[in-house]
Structures are given as C-alpha cells and as structure tokens.
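Engineer: this one's sequence-less:
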Ligand code: HEM
C-alpha cells in the first residue's frame, strides 16, 4: 500500500468527469477500480456530497480493514448506509459485543450436526433438479442456478415446500435483493427502493406468524434452529430479530452462491480441459455419499469454487466506516471489482485448475 504520511485529500474531478466515474462504477466496476488505482494509486479518496469515500487497493488494505484489530472500522455504519433499509440488523450490520452475541446464538444453525442434516437433504434435491436439466441444447446457467438455490433455501432454511406462497415469497425475496443497491436511493412510490421496502414487509409478514410454532416444534431447518437458539443464560432472539436474521441470511446465502456457481460454470465452459480434470478427481472420491468433510476439502479448495470466486467474486465490496469520522472505506474486491485481479497481491492456492488468475 502507498505510504500515506500526509493527510489524504479528495481527488479533484470536474462535474463531467464525476458523472463519467459514477456511470463507469455501475457499468464496468472492474475497469473503474483498475483505472482509479492506475491513475491515483492504492489509496484514493473521493468526495460524494458531505461524505468522503476512500478506496483501498491491495493486500495490506484488506488485512487492515478485515482484521480490524483496533476496532477502527464499523461494519454497521457502512452497511447501514448501503443496505440498511432493506436488511436492517442482519449479522453483517452489527459491531462489537452486539455482533458477538448475535453471532454466537446463530451458531446453533451452523453446528456440524445441523450441517450434516442440511447436506443430507440437499443432495437428493440437487440430483433430482439436475436430472430435469436438458441433456442437449442451450440452458441459461444463472436463472437455472438461481431457481435451484432458492428451492434449496426453502428446504434448508425454512424446512418447507413453499407451495402456494412460493411465487409471492420468491418475488418478494428477489425484489429485496435487487433493491439492496438501488441506483435511485429514494423510497418514492414506484422506485426500486420503495418496492424493496414493501417486499421486505411481505417477508416479515410471512415469517412472524410462524415463530411461536417453530419455537415449540422439533424442526431442524435453519429457521427453527434460530427460533430455539439460546445462550447459557437462556436468552434467545426476539421475534423481530429472528425475522431480520432470516431475511439477511437468505440474501447472504442465495445471491452469493448463485453468482459463484455461475462463474464456475462459465470458467468450466471456457476451459473444457478443466472439466476433464474435475471428472477425474471426482472418480477417486465417493461422491455418491459426500460428507461435509468431502465437500469442504474437495469442492471448495480443489474443484473450482476458489477459481470461480477469484475470477468473478460474488460480494460487491467490503464496506467499512472509519469511526467516528464519516467515511466509507471500500475494499474493492469484486464482481468485476478489483481484489483478486491484483495479481501482484494474490495468488490462488495450488489447485487442480492452476494458479494464475
Ligand atoms: C460463495 C458464497 C459466499 C460468498 C462469496 C460470501 C461472502 C461473504 C463476505 C465477503 C462476507 C463479509 C462481508 C463484510 O464483512 O463486509 C460475508 C458475510 C456473511 N455471510 Fe457470506 N458468502 C457466501 C455464502 C454465504 C452463505 C451460504 C451464508 C449462510 C448460509 C452466508 C452468510 C453470511 C453471514 C451471516 C455474513 C455476516 C457474518 C458476520 O458479520 O459475522 N454467506 N459473506
């Protein structure tokens, strides 16, 4: 990272250049990040109204902000500004002791027994779905994978077949995700943000009435486990906290996984020899009955998950707010953002798909 010994000053851009930057950051975020870095270096401050946004590039920046050793940065303040109206109080929008408390309770849904249970339900569902895909012809990866991950979310997260509610809930859910980063940041009737806030209400109305029954029941889906989660003193989540966590978790899990699987599919389609290597790798493993260990050790590290994430990482950027001053730090990382494209900073683990990005 550049040595910053003098106070950082916002870059000077005229009106036309500012408009061009805004357009470019939406239309081609990777190029936007790369150009900013090339032109101004690893630390770039921009003024946006009263706010100062600082872009940080490179491995040092990532470790500074993500490790956050001296608690300089706030997740809550930054993410509240970005997705706070649609996903308030999600785990990622919390800091310090509050974050720790909520995260500990949430562990109930991610213990290894729960994970084994989810996997056992997912495998047959995924097999059935894949069997229904056409063997020939064209199939669009993104919408197909999106449907698959949404159906899986209904089973694993909610423990139910959504039945007649399926369409309404799927639409509400998709609207909340689409509205999380609107181009027009005002909730005026008709705007995406306005529709997102209404869709969020639909999801709240869907989850809230089920909580009492889930608390009393024996379900092992994520929703039931969060309803029953308790700390050592017997404290659990309030009804509204459960709803807030569920809505955030569905977004955090669904959008990222769909995007990652799509980039893997794309990478494999472009590199048929990788498909052969993966097929050979799978032959030596018992993929008829995969365990969570097989999945962790093999799928993630070796079979392209990393590759897909590196080429087109799913999350947008890491937003952090420096306390107490009003600044957003953007650690550019993603979909097109620059993080893993910084070949001077990152190399992939040795894997069967090779190292270079
Ligand atoms: C390929 C898939 C995924 C990717 C690339 C991904 C990426 C990320 C990233 C980068 C963050 C941190 C953002 C920040 O702090 O600024 C995050 C947070 C989080 N993700 Fe994921 N995620 C994925 C899948 C999932 C899934 C499947 C779930 C849930 C089942 C999930 C739940 C969460 C939660 C709860 C947080 C907040 C954690 C905390 O603040 O302690 N994610 N994810």
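Structural biologist: Yep, that arrived. Everything numeric in this text was worked out from a predicted model, so none of it was measured. Residues are numbered from 1 along each chain as shown.

Engineer: what's the offset of stretch 128-139 from the middle of its chain?
Structural biologist: The gap between where stretch 128-139 is centred and where its chain is centred comes out at 27 Å by CA atoms, centre = their mean, to the nearest Å.

Engineer: Contacts for it, please.
Structural biologist: 144, 148, 151 (CB atoms under 8 Å, 6 or more residues apart in numbering). Where you see a C-beta, it was placed from the backbone N, CA and C, and this is true even at glycine.

Engineer: Could I get these in CSV, plus columns for distance to residue 238 and secondary structure?
Structural biologist: Output for these, formatted as CSV (distance: CB to CB, whole Å; DSSP: H, G, I helix; E, B strand; the rest coil):
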residue, distance to residue 238, secondary structure
144, 38, helix
148, 33, helix
151, 29, helix
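
Engineer: among those residues, which one has the lowest pLDDT?
Structural biologist: pLDDT across the contacts of stretch 128-139 is lowest for residue 151, at 87.

Engineer: Can you give me the separation between that residue and residue 128?
Structural biologist: Computed as CB to CB, to the nearest Å, the residue 151 to residue 128 distance reads 10 Å.

Engineer: quick one: which of these two has more around it?
Structural biologist: Higher neighbour count among residue 151 and residue 128: residue 151, with 18 against 10, using other CB atoms under 10 Å.

Engineer: Could you restrict the contacts of stretch 128-139 to the ones contacting the ligand?
Structural biologist: On the criterion CB under 6 Å from any ligand atom, none of the entries of the contacts of stretch 128-139 sits beside the ligand.

Engineer: can you list the weak-confidence ranges in the protein?
Structural biologist: Counting by pLDDT under 70, the chain shows low-confidence ranges at 1-5, 285-287, 294-357.

Engineer: Show me where it has its strands.
Structural biologist: 43-48, 51-56, 73-74, 317-322, 327-332 (DSSP state E).

Engineer: For the stretch 101-250 of the chain, just list every one of the helices.
Structural biologist: For the stretch 101-250 of the chain, the helices defined by DSSP state H, counting those that start in this stretch cover 112-131, 141-156, 166-178, 192-207, 211-216, 222-228, 239-270.

Engineer: ok, which residues in the stretch 151-300 of the chain are in contact with the ligand?
Structural biologist: Going by CB under 6 Å from any ligand atom, the residues of the stretch 151-300 of the chain near the ligand are 249, 252, 253, 256, 257, 260.
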